[in-house]
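*Asks:* Provided below are the primary sequence and the corresponding predicted coordinates.
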Amino acid sequence: MNRPPARIELLAGAAFLGRGLRMWITSPRLMLLGALPAFIVGLVYLAGIVVLLVNLETIAVAISPFASGWDEPWRTGMRVVTGVAVAAAGILLLAYTFVAVTLLVGDPFYERIWRAVETSLGDAPVEPERGLVRSILRSVADGLRLVGLAVGVALMLLLFGFIPGLGQIVTIVLGALFGGWILALELTGFAFDARGFTLSQRRRMLRARRSRSLGFGVLTYLLFLIPGAAVIVMPAAVAGAALLSRDVLEADARTA
């Protein structure tokens with residue numbers, strides 16, 4: 001059976017987020033509960049971005065001491081490129097980790113949103129009995145692995161950012177692709193964990209529907225970059241991820 005073209009799959013993935021956004025009309029109270037943790041974490045992250053930008057020149061000088069003896073305009077040019085690379089990598093890192101932190105802060109609210117979507121679709125899963133301590137340890141371990149991945153990607157993109165001109169373009173494109181993939185992994189955690197799947201199994205199944213997963217994740221990532229939009233998008237992304245998870249799990253069951 002031939003798969004649809006990649007562009008169709010990307011649009012199909014993005015449509016899951018659109019369906020999640022419609023829950024602001026059908027379940028506004030539930031979505032407002034999900035917006036609260038995103039608002040609180042967003043304020044903290046905004047403060048972090050302000051601190052980064054205020055100290056950007058100092059940071060750029062500190063990590064490029066080799067340019068101190070250069071003549072102008074090369075010294076200033078290197079500092080500007082370094083500053084742009086640090087700012088880009090810092091903002092990308094914040095964007096990558098925003099969902100993980102927000103899910104941790106607002107776990108009960110987002111689980112209610114996920115459960116509401118699962119119930120509306122029918123045959124909602126019953127979480128396996130693993131014990132409270134074991135469940136917490138597993139969630140923390142998965143979260144740390146995803147944050148570690150995000151940090152590694154941000155550092156890699158920081159190096160790309162040092163390439164004048166082309167580096168900034170590469171950083172933007174790869175940042176969106178990697179960011180979308182990380183968000184897809186993070187946001188589908190509720191559905192896969194409730195069915196007893198590990199992070200490695202989740203990654204494998206999402207990879208089998210890579211274009212569809214990226215369509216959802218990249219659009220979510222890009223909307224998160226709009227100031228204030230994350231407050232509205234975060235609960236919708238949880239709902240959309242529940243729909244994406246169902247789609248991925250059904251596709252995996254058909255090919256098993």
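*Replies:* Now that the structure is in, tell me what you want to look at. The shown structure was predicted, so the numbers you read here are calculated from the model rather than taken from an experiment. Numbering: from 1, shown residues only.
*Asks:* Helix or strand with the lowest mean pLDDT in this structure?
*Replies:* Least confident element among the helices and strands of the chain, by mean pLDDT, DSSP states H and E: helix 132-161 (a mean of 63).
*Asks:* Could you point out the helix or strand that follows it?
*Replies:* Using DSSP states H and E, the helix or strand that follows helix 132-161 towards the C-terminus is helix 166-187.
*Asks:* Mind giving me the packing neighbours of that following helix?
*Replies:* Packing partners of helix 166-187 (3 or more CB pairs under 8 Å, 6 or more residues apart in numbering; DSSP states H and E): helix 74-105, helix 132-161, helix 199-208, helix 210-224, helix 229-255. Where you see a C-beta, it was placed from the backbone N, CA and C, and this is true even at glycine.
*Asks:* and if we set it to 6 Å?
*Replies:* In terms of contacts (3 or more CB pairs under 6 Å, 6 or more residues apart in numbering; DSSP states H and E), helix 166-187 is packed against helix 74-105, helix 132-161, helix 210-224.
*Asks:* Rounded mean pLDDT for it, please.
*Replies:* Across helix 166-187, the average pLDDT comes to 82.
*Asks:* report the angle between the axes of it and helix 229-255?
*Replies:* Calculated by axes from the mean of the first three to the mean of the last three CA atoms, to 10 degrees, helix 166-187 forms an angle of 70 degrees with helix 229-255.
*Asks:* which residues sit against the next helix or strand after helix 166-187?
*Replies:* Using DSSP H and E, the helix or strand that follows helix 166-187 towards the C-terminus is helix 189-194. With CB atoms under 6 Å, 6 or more residues apart in numbering as the test, helix 189-194 has contacts from 114, 125, 127, 202, 242, 245.
*Asks:* In space, what's closest to the second one - neighbours in sequence excluded?
*Replies:* In this structure, Pro125 finds its nearest non-sequential neighbour in Ala194, 4.5 Å apart by CB to CB, 6 or more residues apart in numbering.
*Asks:* and what of the fourth one?
*Replies:* What sits nearest to Arg202 in space, not counting adjacent residues and going by CB to CB, 6+ apart, is Phe192, at 4.3 Å.
*Asks:* quick one: contacts for Gly106?
*Replies:* By CB under 6 Å, 6+ apart, the contact set of Gly106 is Pro37.
*Asks:* name the element the closest residue to Leu103 other than its chain neighbours belongs to?
*Replies:* With CB to CB, 6+ apart as the criterion, Leu103 has its nearest non-adjacent residue at 5.9 Å, and that residue is Tyr110. Secondary structure from DSSP H and E places Tyr110 in helix 107-121.
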